[in-house]
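Peer 1: quick one: sequence plus predicted model below, questions after.
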Amino acid sequence: MKKIVLSLLCVLGSLYLFAQDTFSIVAVDEETGEIGAAGASCVDGIAAFGGIQLLNDIIPGRGGVNAQAWVCLNPHINLVNAIDQMEQGLSPSEIIDWLYANDACSSQSFNPEYRQYGIVDFDPDGNARVAAFTGANADDYKGHITGPNYAIQGNILLGEEVLTQMEDGFVNTEGSLAEKLMGAMQGANIPGADQRCLDRGTSSTSAFLRVYSPDDEPGSPSLELSILEMPFGEEPIDSLQSLFDEWFTTNSVLDWQGKGSVQVFPNPVTNELQVYFQSPRSIETLTIYDTVGKVVMELSPNTVAQTHLQLDVSKLERGTYYLKFKSKESGIETIRIVKP
């Protein structure tokens, strides 16, 4: 899983013009063929336009586009054109070149330097391709990061750390593409990630996460989570995490192939950590260490054989930790967790 996009937009829709700050990610999973995106923005009234997911579109089995910064709505014409070019076979970098030469949005006089894009797809051999663009006139702080299968970009951000923490959350989260996208969003869960929400004490007002399986129909993703708009002072990424946890618990079946005998979720984790064992464990000791080997938490074991534990790690400071189990069945097992 490798590409993600962050977005900020200003929206021209019908007779309306909005200035929006958005951070987003778009990514693909070469192993499963999944394509997904996630993002958030601080925009009052965005629920009337269907939430911030309006910045993204995905062709199942082919690729996805995030189009942000100054954009037109009804239709989001540059996004529509990007998807059209993807359907015609252009690569992500070729699509960006085409969009730059053929900007169709009247906002800012059709000037492509006010736009921001993140694009990922699969080439004919199923390999991930990625490209991103940040126009010189998009609002600061602006920028993008690309990796082997993800593009992350944003504007009107608190700073570069919003992008780098999103990347850390994506790269360091173990599991499915959906889990990694949620990890990226938690990386941006800081007050003022979108500058305009700093006085609210939140990262944003609206957030989304979606994943398409290769056999999904367009417009019908396997996973679609949306926080259209939160009241003043309430964090949409926290609400998105709650929706994600509920979905994961009720719909996700753990795939143990090649993943070891212990899995944790979510990771990065904010409050409650779910631990799953491939086979029952009678836990004798359970300890959490920091990166220098200092014990930061010792938890009371439950010697009854079980396949699932729920751990409260809300008091841990931000950082990387190692969760060590000792059981009668499997001896010592260690897994890394991240607290954003």
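Peer 2: Okay, I see it.
Peer 1: from here on, just use CA atoms for contacts and neighbour counts.
Peer 2: OK.
Peer 1: what are the ranges of the helices in the stretch 51-200 of the chain?
Peer 2: Here the stretch 51-200 of the chain has its helices, by DSSP state H, counting those that start in this stretch, at 77-87, 92-101, 160-172, 177-187.
Peer 1: and the second one, what's buried?
Peer 2: Of the residues in helix 92-101, those buried under the neighbour-count criterion (16 or more other C-alpha atoms under 10 Å) are Pro92, Ser93, Ile95, Ile96, Leu99, Tyr100.
Peer 1: likewise stretch 266-285?
Peer 2: 266-270, 273-274, 276-278, 281-285.
Peer 1: domain boundaries for this structure, per the record?
Peer 2: Domain segmentation of the chain under automatic domain parsing yields 9-250, 262-339.
Peer 1: can you redo the ones you listed as TSV with mean pLDDT?
Peer 2: Listed next are the domains of the chain as TSV, based on pLDDT from 0 to 100:
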stretch	mean pLDDT
domain 9-250	89
domain 262-339	82
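Peer 1: packed most tightly, which of the ones you listed would that be?
Peer 2: Ranked by mean neighbour count, the domains of the chain are led by domain 9-250 with a mean of 22 (mean count of other C-alpha atoms under 10 Å).
Peer 1: off-centre distance for that domain?
Peer 2: Relative to its chain's centre, domain 9-250 lies at 8 Å (C-alpha atoms, centre = their mean, to the nearest Å).
Peer 1: save the buried residues of helix 92-101 as TSV, and put in distance to Ile227 too.
Peer 2: Putting these into TSV (distance: C-alpha to C-alpha, whole Å) gives the following:
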residue	distance to Ile227
Pro92	28
Ser93	31
Ile95	29
Ile96	29
Leu99	29
Tyr100	31
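Peer 1: looking at these, which is nearest Asn74?
Peer 2: Distance to Asn74 across the buried residues of helix 92-101 (C-alpha to C-alpha) is lowest for Leu99, with 17.9 Å.
Peer 1: what sits against the closest one?
Peer 2: Neighbour list for Leu99: Asn78, Asn81, Ala82, Pro112 [criterion: C-alpha atoms under 8 Å, 6 or more residues apart in numbering].
Peer 1: could you find the closest non-adjacent residue to the first one?
Peer 2: The one in question is Asn78. By the measure of C-alpha to C-alpha, 6 or more residues apart in numbering, the closest residue to Asn78 outside its immediate chain neighbours is Ala104, 6.1 Å from it.
Peer 1: quick one: the one you found and Trp98, what's the gap?
Peer 2: Distance of Ala104 to Trp98, computed by C-alpha to C-alpha, to the nearest Å: 11 Å.
Peer 1: now Phe110
Peer 2: 14 Å.
Peer 1: thought Tyr321 was touching Asp290, still the case?
Peer 2: Yes. Look at Asp290 against Tyr321 with C-alpha atoms under 8 Å: they come within range, at 4.6 Å.
Peer 1: now the closest residue to Val262 other than its chain neighbours: phi and psi?
Peer 2: Closest residue to Val262 apart from its sequence neighbours, by C-alpha to C-alpha, 6+ apart: Phe277 at 4.8 Å. Main-chain torsions, Phe277, degrees, to the nearest 10: phi -110, psi 140.
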